[in-house]
Structure formats: C-alpha cells, structure tokens
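Chemist: Okay, predicted coordinates and the sequence, questions at the end:
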Amino acid sequence: MSFPKHFLWGTSVSAAQYEGAWNEGGKSPVLLDYATSGSPQKSYRTLHYLDENGNCQEKDFMITCHIPKGAKLVTFDDLHYTNHRAGDFYHRYKEDIALMKEMGFTTFNTSISWARIYPNGSEGGLNQEGVAFYRDVFTECRNAGIDPVITLYKYDEPIYFDLKYGGWSNRKMIDEFVLFATTCFKEYKDLVNKWITFNELNMLLASTINSVAGSDPSMNQERYEEVHNQMVAAARAVKKAHEINPDNKVGCMICGVCIYPLTCDPLDIMEAYRSFQDEFCYCADTMIRGEYPSFSTRVWKEKNVHLRISEEDKKDLKEGCADFLAFSYYMSFCKTTHKDDLMEGKGNVFQGAKNPYLQVSDWGWAVDPVGLKYFLHFLYDRYQKPLFDVENGLGAYDVISEDGRIHDAYRINYLRSHIQCMKEAVEEGVDLFGYTTWAGFDLVSASTGQMAKRYGFIYVDMDDEGNGDFHRLRKDSFYWYKKVIETNGEELD
Ligand code: BG6
C-alpha cells in the first residue's frame with residue numbers, strides 16, 4: 001500500500017463557514033456576520049455598516065480587515081448574509097456526522113468558534129452553552145470512529161476584540177488567545193488530541209504582497225506585528241497543549257500555493273524563490289524551526305517594518321515549535337519580472353501570473369495536481385516534519401439533474417488527480433499522515449461568500465439568496481470518495 005496504514009481520511013469545514021446559528025447559543029457576532037457575498041467577477045465580499053452620521057456605507061471585505069473607524073455594525077433587512085445560517089451544522093451535526101461515518105471518515109477537521117466560547121473575551125467569561133455544543137459534536141465524532149482534528153482560530157474572533165484592543169497588533173490578544181486555547185485543551189482533553197492553532201496564518205501577509213485585494217504598503221507595519229503576535233500566541237499554545245496532555249499533537253497551518261517562475265530568465269527564478277520565502281516560509285520556518293529565517297531581515301527592510309521581538313518571544317518561539325505542518329493547497333501561480341507576460345492568475349488571496357499550461361476552475365483558480373506533489377516534496381525536504389494536507393478541493397457550480405442527482409465528475413477528476421500525485425509523493429518518501437478535502441459539505445465561500453461555489457460530496461440545499469431547506473443530498477463524488485477511503489487510496493477510478 002502507498003498510504004500508511006493509519007492514514008487519516010476525511011474532510012474539513014470551518015465554524016464560520018458551515019455552522020450558522022450566528023446569534024444563537026450565546027455566540028457573539030464576528031466581522032464575517034456583517035459581510036455580504038461577492039462573485040467570481042468580484043471575488044471579495046462587502047461589509048455594510050453605518051458611519052458616524054448614520055449613513056449606510058460599503059467597504060470591500062477581506063477576512064483580514066478591521067471595523068472601519070467610527071462604524072456601527074448593523075444588519076440590513078434588505079441584504080442577505082450567507083454566513084448567518086451557513087450550512088446549518090449547528091442544528092444538523094448529528095445527521096452530518098452520520099453521513100461522514102457512512103463514507104468511512106477516520107478524521108474530521110473543523111474549527112471552534114472563539115465567539116461561542118468567550119463571546120466577550122476573558123472579561124465576559126466562559127459561555128457554557130458553547131462549550132457544551134462542541135463537547136456534543138466531538139463526542140458524536142468519537143462515537144462514529146472519527147478522530148477530530150480541531151482548528152482553534154479561523155476567521156472568527158469576537159468583534160469585541162476589535163473594539164477593545166483594535167485587533168492582533170495589540171499584544172493583549174496573545175493572552176486572550178492562550179486563555180481560549182487552554183480552555184479548549186482542558187475541556188476536550190478526553191476527546192481531541194490533534195490541534196491546529198491558526199488557519200493559514202500567512203494570509204495576513206497578503207496585503208503586504210501582490211494579492212487579490214491589491215497591496216497596501218501603509219498596512220505593512222501593522223500586518224507584520226499581527227503575524228508576529230499570532231506566531232507567539234501559537235507557540236505559547238503549543239507549550240500549554242503539551243503540558244495539559246502529553247499526547248497532544250499541535251500543528252501550524254499555512255495557505256499553500258505552489259509558485260513557479262514564468263520563464264527560465266534567472267530573474268524570474270529568483271522572483272519565484274523569493275515569493276516562496278515571503279509568502280510561505282516566513283511563517284512556516286518560524287513556527288516549525290522556532291526562529292525567524294535568515295531572509296527575514298531582507299523582508300523587514302524591503303517592507304520598512306520594525307519589529308520588537310523580546311527575548312521572551314524568542315524563547316517561546318523556540319520552545320513552542322509545531323509538531324506538524326498542515327497546509328491548504330488549491331492552485332499554483334507563476335512569478336515573473338517580465339511585465340508584458342504578467343497575466344492575472346486568480347486565487348484565494350495570493351496572486352501571480354497565469355500559467356499557460358494549466359486549466360482553471362470556474363473561479364479562475366489554476367488546477368495543478370503536479371504542483372501539489374512538488375509542494376509536498378518542497379515542504380518535507382525543508383522541514384522533515386509530518387505533513388497534513390488539510391484543505392484541497394474544487395469549488396464548482398453543481399446542477400441537480402433530471403434524475404434528481406448531482407453528477408460531479410469534474411470534482412472527482414480534480415480530487416483523483418491530486419490524490420494520485422499525493423500518493424506518488426508518499427511513495428517517494430514524504431511523511432504525509434492525513435488528507436481532508438475542502439469541503440465535504442457545501443458551505444459559504446471564504447473569498448466570495450457564495451453558497452453557489454460548491455465544494456461538497458454532499459449537497460446542502462441553500463442558495464445565495466437564502467432559498468432552500470438545508471436538506472442534504474449525496475453527490476456522485478460521495479460514493480467515489482467512500483471507495484477511496486475503503487481502499488486506503490488504492491482505488492481511485
Ligand atoms: C482556504 C480557506 O484558503 O480556502 C477556506 O482556509 C476557504 O476557509 C478555502 O473556504 C477555499 O476558498 P473559497 O474562497 O473558495 O471559499
């Protein structure tokens with residue numbers, strides 16, 4: 001067999017994108033709750049709010065943005081907010097976990113909404129209803145033979161933190177996060193022993209680089225401070241997790257994009273290599289090796305960033321190295337210094353030149369399974385730590401056929417080609433211990449806020465305007481992935 005015997009197979013979702021129940025169970029609002037949907041043409045979402053004079057305003061929304069100065073966040077009756085009910089996992093988790101069991105999942109990655117556990121930070125105290133909800137979910141998973149892998153931070157800190165501290169550039173956030181993480185490690189000690197601290201921590205750097213939302217050099221100092229504080233918070237959480245339960249394995253997680261030079265011009269080769277360093281390794285090196293990489297001084301100089309890194313921070317980073325490296329992988333890009341060759345290659349946040357050899361999805365993302373193999377080798381060669389591919393999948397428009405079914409051969413083809421390449425990387429020595437597709441159930445897209453961008457093996461009956469009753473429907477890919485799991489990845493046809 002190519003994949004190890006106890007290889008973890010499953011899927012990944014997130015609380016903010018799948019749970020719904022945005023104002024139930026004691027949860028406080030998060031910024032995403034005020035964002036409406038975008039589209040493939042306009043990939044980002046829109047934040048609607050009242051300004052100081054009570055006038056309605058709009059602002060492009062990226063998951064890294066803050067509340068505009070003086071804004072009052074309210075919901076407008078004539079707008080639809082897909083996140084509010086999302087995929088309704090909050091009310092349907094038992095049915096969903098039964099479907100996962102039917103497919104033979106051995107793992108399931110989701111996140112805990114911080115706003116459900118500490119709706120108003122340490123000041124407001126612990127929300128027992130939120131704690132009980134996740135206990136029920138994880139117990140249900142265990143009863144179904146599913147080993148949950150839980151992400152602590154994924155786009156949903158309570159708005160309270162933005163108002164009180166102004167966000168992650170304030171070091172108070174480190175203490176708040178460590179409290180939240182410690183609570184989770186203690187509360188779910190008997191149910192969860194695989195954790196991921198921050199989802200795609202490097203995404204914070206998008207606005208400092210060429211990204212889908214453009215770049216904004218005036219944010220550089222703040223963004224690098226935020227990244228630093230999150231990495232210190234992650235390291236302290238790793239230490240706590242090990243103290244509380246020596247069996248805990250805690251990973252860091254990075255938005256992975258494979259980057260190629262567009263031409264063999266040495267300047268393009270250098271450009272691509274530096275992009276790997278800046279967009280990916282800057283964070284992964286620090287969290288896996290426990291210290292900033294040597295090229296960081298170049299990055300700080302180029303971005304005009306001055307970080308204050310205390311001796312205590314350095315110690316924490318060193319002592320709190322992640323046990324494994326989790327990553328998402330959807331697409332690849334090219335980099336070039338030839339401006340004439342620079343075409344628009346779309347992606348979740350990072351951006352580059354379009355690769356003429358690759359097809360793209362309906363949302364313009366390049367489909368590149370070989371890039372996954374390349375990326376796996378790159379990661380394992382560099383870090384020699386166990387890897388976990390925690391997100392990979394195809395967002396597509398699905399149509400219910402006349403026979404009442406969804407024939408998503410395009411999704412099967414995408415996943416098959418990526419699993420095949422992953423398999424080859426494992427056969428060539430890469431230590432990969434799990435694969436969770438994004439996302440087993442249709443949910444709200446992070447970049448566009450659409451439900452119409454469907455990723456699931458299981459259709460969720462809800463559209464972008466709020467029509468639907470959330471019933472679940474097995475797509476063709478459901479039966480295909482079930483067989484993949486049954487044969488531990490041997491049978492991919
Ligand atoms: C990853 C995120 O970057 O991409 C997910 O961690 C996200 O939350 C996924 O959903 C796919 O992106 P999108 O924009 O299609 O939802």
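Modeler: Noted; the coordinates are in hand.
Chemist: Please report how far Ser445 lies from Val250.
Modeler: To Val250, Ser445 is 28 Å away according to CB to CB, to the nearest Å. All C-beta atoms are positioned from the backbone trio N, CA, C, and that covers glycine.
Chemist: Can you pull the residues of the stretch 251-400 of the chain lying near the ligand?
Modeler: Taking CB under 6 Å from any ligand atom as the contact definition, the stretch 251-400 of the chain meets the ligand at Cys255, Ser328, Asn348, Glu391, Gly395.
Chemist: For the fourth one, grab phi and psi.
Modeler: What it means is Glu391. Torsion angles at Glu391 (phi, psi; degrees, to the nearest 10) stand at phi -150, psi 130.
Chemist: Name the nearest residue to it, ignoring sequence neighbours.
Modeler: Spatial nearest neighbour of Glu391, chain neighbours left out: Ser328 (3.4 Å); criterion: CB to CB, 6 or more residues apart in numbering.
Chemist: Confirm that neighbour sits in a strand?
Modeler: Yes: according to DSSP: H, G, I helix; E, B strand; the rest coil, Ser328 belongs to a strand.
Chemist: Thought Phe375 was touching it, still the case?
Modeler: No: contact criterion CB atoms under 8 Å: Ser328 and Phe375 do not qualify, at 10.6 Å.
Chemist: Quick check: which ranges of this structure have low pLDDT?
Modeler: 40-43, 210-214, 339-343 (pLDDT under 70).
Chemist: For the ligand, give me its nearest residue in it.
Modeler: Nearest to the ligand, among the residues of the chain, is Ser447, at 3.1 Å (CB to the nearest ligand atom).
Chemist: Quick one: neighbours of that residue, just the number.
Modeler: Summarising burial for Ser447: neighbours were counted as other CB atoms under 10 Å, giving 23.
Chemist: That one is in contact with Ser39, isn't it?
Modeler: No: when contacts are counted by CB under 8 Å, Ser447 is not listed as touching Ser39 (10.4 Å).
Chemist: quick one: the spatially most central residue of the chain from Met173, how far?
Modeler: Against the mean C-alpha coordinate of the chain, by CA atoms, centre = their mean, the closest residue is Asn199 at 4.6 Å. Distance, Asn199 to Met173, using CB to CB: 16 Å.
Chemist: before we move on, what about Gly290?
Modeler: From Gly290 to Met173 the distance is 21 Å (CB to CB).
Chemist: which of these two has more neighbours?
Modeler: When neighbours are counted by other CB under 10 Å, Met173 comes out ahead of the other of Gly290 and Met173, with 22 against 18.
Chemist: Just say helix, strand or coil for that one.
Modeler: helix.
Chemist: Likewise for Thr46?
Modeler: Applying three-state DSSP: Thr46 is strand.
Chemist: ditto for Gln57
Modeler: Applying three-state DSSP: Gln57 is strand.
Chemist: give the contact list for the closest residue to it other than its chain neighbours.
Modeler: Once flanking residues are discounted, Gln57 sits nearest to Asp51: 4.9 Å by CB to CB, 6+ apart. When contacts are counted by CB atoms under 8 Å, 6 or more residues apart in numbering, Asp51 touches Gln57, Pro68, Gly70, Ala71, Lys72.
Chemist: try 7 Å
Modeler: Residues counted as contacts of Asp51 (CB atoms under 7 Å, 6 or more residues apart in numbering) are Gln57, Gly70, Ala71.
Chemist: swap in Phe76?
Modeler: Applying CB under 7 Å, 6+ apart, the residues near Phe76 are His48.
Chemist: Try it again at 8 Å.
Modeler: By CB under 8 Å, 6+ apart, the neighbours of Phe76 are His48, Cys56.
Chemist: For Ser2, which three-state class applies?
Modeler: Under three-state DSSP, Ser2 comes out as coil.
Chemist: Excluding residues flanking it in the chain, which one is nearest it?
Modeler: Take Ser2 and drop its neighbours on the chain: the residue closest to it by CB to CB, 6+ apart is Lys423, 4.6 Å away.
Chemist: Also Ser122?
Modeler: Leu179 (5.5 Å).
Chemist: quick one: the closest residue to Gln384 other than its chain neighbours and Met231, what's the gap?
Modeler: Nearest non-adjacent residue to Gln384, counting by CB to CB, 6+ apart: Asp431, 8.0 Å away. Note on Asp431: its distance to Met231, by CB to CB, is 23 Å.
Chemist: quick one: contacts for Pro29?
Modeler: Trp22, Asn23, Leu73, Ala115, Pro158, Ile159.
Chemist: Next SSE downstream of the helix ranked longest in the chain?
Modeler: Across the chain, the longest stretch assigned as helix under DSSP state H is helix 220-244. Next in sequence after helix 220-244, counting helices and strands by DSSP states H and E, comes strand 249-261.
Chemist: angle of that following strand against helix 220-244?
Modeler: 140 degrees (axes from the mean of the first three to the mean of the last three CA atoms, to 10 degrees).
Chemist: Who does strand 249-261 pair with, and is each partner parallel or antiparallel?
Modeler: Paired strands of strand 249-261, with direction, are strand 194-198 (parallel), strand 324-335 (parallel) (DSSP bridges).
Chemist: Name the residues of the last one that are buried.
Modeler: Within strand 324-335, the residues scored as buried using 16 or more other CB atoms under 10 Å are Phe324, Leu325, Ala326, Phe327, Ser328, Tyr329, Tyr330, Met331, Ser332, Phe333, Cys334, Lys335.
Chemist: and the residues you listed as JSON lines, adding distance to Thr107?
Modeler: Listed next are the buried residues of strand 324-335 as JSON lines, based on distance: CB to CB, whole Å:
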{"residue": "Phe324", "distance to Thr107": "13"}
{"residue": "Leu325", "distance to Thr107": "16"}
{"residue": "Ala326", "distance to Thr107": "12"}
{"residue": "Phe327", "distance to Thr107": "16"}
{"residue": "Ser328", "distance to Thr107": "16"}
{"residue": "Tyr329", "distance to Thr107": "17"}
{"residue": "Tyr330", "distance to Thr107": "20"}
{"residue": "Met331", "distance to Thr107": "24"}
{"residue": "Ser332", "distance to Thr107": "26"}
{"residue": "Phe333", "distance to Thr107": "29"}
{"residue": "Cys334", "distance to Thr107": "33"}
{"residue": "Lys335", "distance to Thr107": "34"}
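Chemist: can you tell me which two in these are farthest apart?
Modeler: Phe324 and Cys334 (29.1 Å; CB to CB).
Chemist: Tell me where the stretch 351-493 of the chain has helices.
Modeler: Secondary structure of the stretch 351-493 of the chain (DSSP state H, counting those that start in this stretch): helices at 369-383, 409-427, 476-486.
Chemist: And the ones you listed: which comes nearest Asn109?
Modeler: The nearest among those, by CB to CB, is helix 476-486 at 15.0 Å.
Chemist: which residues are contacting that closest one?
Modeler: 9, 102-106, 405-409, 411-412, 415-416, 419, 437, 457-458, 491-492.
Chemist: Kindly calculate the angle that that helix makes with helix 409-427.
Modeler: Using the same axes, to 10 degrees, helix 476-486 lies at 20 degrees relative to helix 409-427.
Chemist: Pull helix 476-486 out as PDB, backbone CA atoms only.
Modeler: What follows is helix 476-486 as a C-alpha-only set of coordinates in PDB (Å, rounded to 0.1, in the frame of the first residue of the first chain):
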ATOM      1  CA  ASP A 476     -21.600  11.100  -7.200                       C
ATOM      2  CA  SER A 477     -18.400  12.100  -5.500                       C
ATOM      3  CA  PHE A 478     -19.800  10.900  -2.200                       C
ATOM      4  CA  TYR A 479     -19.700   7.200  -3.400                       C
ATOM      5  CA  TRP A 480     -16.400   7.700  -5.200                       C
ATOM      6  CA  TYR A 481     -14.600   9.100  -2.000                       C
ATOM      7  CA  LYS A 482     -16.100   6.300   0.100                       C
ATOM      8  CA  LYS A 483     -14.400   3.800  -2.100                       C
ATOM      9  CA  VAL A 484     -11.100   5.700  -2.000                       C
ATOM     10  CA  ILE A 485     -11.200   5.600   1.800                       C
ATOM     11  CA  GLU A 486     -12.200   1.900   1.900                       C
END
